[in-house]
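Trainee: just coords:
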């Protein structure tokens, strides 16, 4: 099973360029995870009262 994951190649695109700004994919994933955590935490606090 572990050999299947070892065969997945790395993507050729590392970043997205919008105008003069360049965004790294892993940075966008970290930011998306942080925003999702804040959103879920807010919902849980609201549900708890």
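Mentor: That came in fine, so what should we check first? The shown structure was predicted, so the numbers you read here are calculated from the model rather than taken from an experiment. Residues are numbered from 1 along each chain as shown.
Trainee: List of residues touching stretch 26-33?
Mentor: Applying CB atoms under 8 Å, 6 or more residues apart in numbering, the set of residues contacting stretch 26-33 from outside is residue 16. From N, CA and C alone the C-beta is placed, and that goes for glycine too.
Trainee: from the chain's centre, how far out does it sit?
Mentor: Distance of stretch 26-33 from the chain centroid (CA atoms, centre = their mean, to the nearest Å) equals 3 Å.
Trainee: Which residue ranges of this structure form helices?
Mentor: In the chain, the segments counted as helices under DSSP state H are 2-6, 25-48.
Trainee: Residue 16: which of those helices is closest?
Mentor: Closest approach to residue 16 among the helices of the chain (CB to CB): helix 25-48, 7.2 Å.
Trainee: gap between residue 38 and residue 10?
Mentor: 29 Å (CB to CB, to the nearest Å).
Trainee: neighbour-wise, which of those two wins?
Mentor: residue 38 (10 against 6; other CB atoms under 10 Å).
Trainee: how close does the more buried one sit to residue 30?
Mentor: 13 Å.
Trainee: hmm, back to that, what's the closest of the helices of the chain to residue 15?
Mentor: Of those, the one closest to residue 15 (CB to CB) turns out to be helix 25-48, at 6.5 Å.
Trainee: Can you give me the neighbour number for residue 48?
Mentor: The number of residues near residue 48, taken as other CB under 10 Å, comes to 6.
Trainee: quick one on the thing from earlier: what's the least confident stretch among the helices of the chain?
Mentor: Of all these, mean pLDDT reaches its minimum on helix 2-6 (a mean of 66).
Trainee: Can you check which of the helices of the chain gets nearest to residue 14?
Mentor: The nearest among these, by CB to CB, is helix 25-48 at 6.2 Å.
Trainee: From the chain's centroid, how far away is that closest one?
Mentor: For helix 25-48, the distance to the chain centre is 11 Å (CA atoms, centre = their mean).
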